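Visitor: Sequence first, then the predicted structure:
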Amino acid sequence: MLIKSLGFIGGSRMTRIILGGLKSAVKMPEDVCVSDVNNEVLQRLKNEFPEIAIVRMIPNASSFVNDDVEKVPTLDFDTADVERIAKKIAATIEAGQV
């Protein structure tokens, strides 16, 4: 199973490592989006991975902003959601599906 789309909340070092691994393995999903509050972080990622979409989050706002999409509604989630998603990602990687 190939992952067709992937999103990252935050353009941290881990995001860069995952993107680099996917790119070097020639398994980059068709659609990749990274969101962050720091525009410099987003620009560095975009320079390194021009195929990704970037979305600048505005702190304390009800929407994200970027050049391609005027407004994208925010999603409410809690720690349990993040943990559940992380376990699914780990299982997918361990099964060799990435």
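Guide: On my side now, so go ahead.

Visitor: Show the low-confidence segments of this protein, by residue range.
Guide: Within the chain, the segments meeting pLDDT under 70 span 1-2, 59-83, 85-86, 97-98.

Visitor: quick one, helices of it?
Guide: When assigned using DSSP state H, the helices of the chain occupy the ranges 13-24, 39-48, 79-94.

Visitor: List the buried residues of the shortest one.
Guide: Counting neighbours by 16 or more other C-beta atoms under 10 Å, one finds that the buried residues in helix 39-48 are 41-42, 45. Where you see a C-beta, it was placed from the backbone N, CA and C, and this is true even at glycine.

Visitor: Can you get me the start-to-end distance on stretch 4-12?
Guide: End-to-end distance for stretch 4-12, by C-alpha to C-alpha, to the nearest Å: 22 Å.

Visitor: what residues does it touch?
Guide: Applying C-beta atoms under 8 Å, 6 or more residues apart in numbering, the contact partners of stretch 4-12 are 15, 18, 22, 29-36, 38, 41-42, 44-45, 54.

Visitor: how about 6 Å then?
Guide: Applying C-beta atoms under 6 Å, 6 or more residues apart in numbering, the external contacts of stretch 4-12 come out as 15, 29-36, 41-42, 45.

Visitor: Any of those residues buried? List them.
Guide: Buried members of those, counted by 16+ other C-beta under 10 Å: 15, 29, 32-36, 41-42, 45.

Visitor: Distance of the nearest residue to Ser35 once chain neighbours are set aside relative to Lys46?
Guide: Spatial nearest neighbour of Ser35, excluding adjacent residues (C-beta to C-beta, 6 or more residues apart in numbering): Val55 at 4.2 Å. In this view, Val55 and Lys46 are 11 Å apart by C-beta to C-beta, to the nearest Å.
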